[in-house]
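how would this look folded up:
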Amino acid sequence: MTSASPVKCLTGKRFGPKITGMTTVRFGAFELAAGARELWRDGRRVHVAPQAMRILIELTAVAGEVVTRDHLRSALWPDGTYVDFERSLNTAVRKLRVALGDDADGPRYVQTVPGRGYRFIAPITFIAPSTFEPREPRARIGPVTWRVALPGGIACVAVSIVVMLGLPPIRTPLVIRAVGPETNVSAGDRALLDATVASLQVLVGRLEPSRLIVSDNGGVWRRACHEMTVSSLAPAREAGARLTIRLRDACRDEQLWATTADVMGGAQVDAGVLRAAGRAVADRLLGGEQSARDAAATLNGAALEIYRRGQAAARAGRIEDLGAAVETFENALRLDPTFGPAWAALARTRATRAVRDGRERSQFDQAHAEATHALALDADLADAHVALGQVRFARDRDFGGADAWLSRARALGATAGRDVLWHACVLNAQGRFDAALLIVDEAIAREPEMAALHAWRGLLLHALRRYDDELVALRRAAAMDPQSAEAAFHLGMGYARRRQYDLALPALRRAVTLSGGGGYYLSWYGRMAADAGDLRTAEHVLHELQGIARTRGLAPALSDAVSYHIGARRHRSDDL
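Next up is the predicted model:
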């Protein structure tokens, strides 16, 4: 594994970025910690794909100068790497612009220099790194780097070896305590400070127990650099107190986050202040991982557990599972109506069920309201952005608006296969087949065993008239996961496009079964049965759709489409 640090070789030439170690670069609302490969905006970590991050480091290292595409290619893909460089570099630059909220046509940060490369155009400030290196408990040795100067024209070799000892992962110690004068503090203020500390310990302690140790005793964790302190600054009013909560790195004497709250007499610190403190720990100490952010969003442990059960049900994907997930998220919100991620997950799951089951407009209206409420609680909830993209696509047929919402979701970290599929669906509806195929291929590189991604790849290959590749992808998807309704559906539709109905109808019938009787899949099964001349099956499907339409709130268009295909087939038969 080649070291990411710049290596100075015998020639004296420097390779890699000039920014090293813990240097921080500030531009606009952003802070780039180059050594840690982290980008922050207004105290919140921004998800940046690894190659896009490397490009950002390369550009900011020589801000104002042109960095050629050849230089970026050699920096991102060493000799011996076989990829489509031009396409991959374009993709990485596009991801960087999405993360920065930048526009290629009117750039604020990354400017394209036609025929040459790219230039970072925003003013930047370099913040010198601290010379202090915290000494925390280690669970492994590494990386250990040897730099060896060799003769014979080989300038240098950098090798990193990580020796794993099989010990538990490194855990960051965090001390949470009350500070302030020990005298002239009323019993009520002391009780308030202690209660706030206790609440923070409970909330923060369950963010990521495998990576975080929470204590109120600084003497126990002498190596702890990070601390959260609660202090009483001054009276808010005659019958209240003003508290401040700080998160800081004591080793570097750097304040990471702070807030102040007024507390009236006899009251407690507002739950929103405590949640904000938990979010600061999740973002600053735990890398902004979604599971930690979710845990920081509620003070109610039971609501969090119910929410996690809802997530598991939603991932199962069958109509009844999606219905159970909706009810589970609603139960979590009864316990904590301010739980933002639960609102976002509820909106997304409701919209997903509405699409797959072909439900009426009212379900999309409700999902829209839930997602909007979620964003009012936390504007960075990716699930809420996905839900609004789904609503724009399925309810409004506003493909441009759907694309915008889903692009924001990806910038916020919604890059899993199940997220990407919604974006691919929208790009496909816009006729942007190459763009859709590109993001699906990127997702397959991350999740090669996800059958639905391969199924969608087959559909897009058909749109691009790569018909032989289409069937290969569709068959691979169905073989990869025989329980995937989406894989069975797309395989059936692939056969139907070839009028191979003897193969299409069994696959479509299987998709209906695997989806739990999804109205969308059922409608297409009826339509293809009619096209195949199997009017008996088509009429049976029509009666089934009409029977469940009221109880499930299905849109009339599903039945109408089957009726149309039955009528068209009968008309063709009469003509013959």
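
Relative to residue 209, how far out is residue 522?
45 Å (CB to CB, to the nearest Å). (C-beta placed from N, C-alpha, C; glycine too.)

oh, I was asking about residue 513
Distance from residue 513 to residue 209, by CB to CB: 41 Å.

Could I get the phi/psi values of residue 113?
phi -110, psi 100 (degrees, to the nearest 10).

number of nearby residues for the spatially closest residue to it that is not a sequence neighbour?
Leaving aside its sequence neighbours, residue 113 sits nearest to residue 66 (CB to CB, 6 or more residues apart in numbering; 5.1 Å). If you count neighbours by other CB atoms under 10 Å, residue 66 ends up with 15.

Tell me what residue 66 is bridged to.
residue 119 (DSSP bridges).

among the helices and strands of this protein, which one scores worst on average pLDDT?
Least confident element among the helices and strands of the chain, by mean pLDDT, DSSP states H and E: strand 157-164 (a mean of 34).

Quick check: next helix or strand after that strand?
strand 172-178 (DSSP states H and E).

Name the strands paired with that next one and say parallel or antiparallel.
strand 212-215 (parallel), strand 226-234 (parallel).

same for the following helix or strand past that strand, what does it pack against?
Next along the chain after strand 172-178, taking DSSP H and E as the criterion, comes helix 187-205. Applying 3 or more CB pairs under 8 Å, 6 or more residues apart in numbering; DSSP states H and E, we find helix 187-205 packed against strand 172-178, strand 212-215, strand 226-234, strand 240-249, helix 271-285, helix 290-296.

Export these as JSON lines, with columns for distance to residue 420 and mean neighbour count.
As requested, the helices and strands packed on helix 187-205 are exported to JSON lines (distance: least, CB to CB, whole Å; neighbours: other CB atoms under 10 Å):
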{"stretch": "strand 172-178", "distance to residue 420": "32", "mean neighbour count": "21"}
{"stretch": "strand 212-215", "distance to residue 420": "30", "mean neighbour count": "18"}
{"stretch": "strand 226-234", "distance to residue 420": "35", "mean neighbour count": "18"}
{"stretch": "strand 240-249", "distance to residue 420": "34", "mean neighbour count": "19"}
{"stretch": "helix 271-285", "distance to residue 420": "24", "mean neighbour count": "21"}
{"stretch": "helix 290-296", "distance to residue 420": "16", "mean neighbour count": "21"}
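
How much space separates the closest residue to residue 427 other than its chain neighbours from residue 40?
The shortest distance from residue 427 to any non-neighbouring residue, by CB to CB, 6+ apart, is to residue 436 (3.7 Å). Applying CB to CB, the value for residue 436 to residue 40 is 31 Å.

So which of those two has more stuff around it?
residue 436 (26 against 19).

How many neighbouring residues does the closest residue to residue 300 other than its chain neighbours have?
Spatial nearest neighbour of residue 300, chain neighbours left out: residue 336 (4.3 Å); criterion: CB to CB, 6+ apart. With neighbours defined by other CB under 10 Å, the count for residue 336 comes to 20.

what phi and what psi does the backbone show at residue 336?
phi -140, psi 90.

mind listing what it touches?
298, 299, 300, 303, 342 (CB atoms under 8 Å, 6 or more residues apart in numbering).
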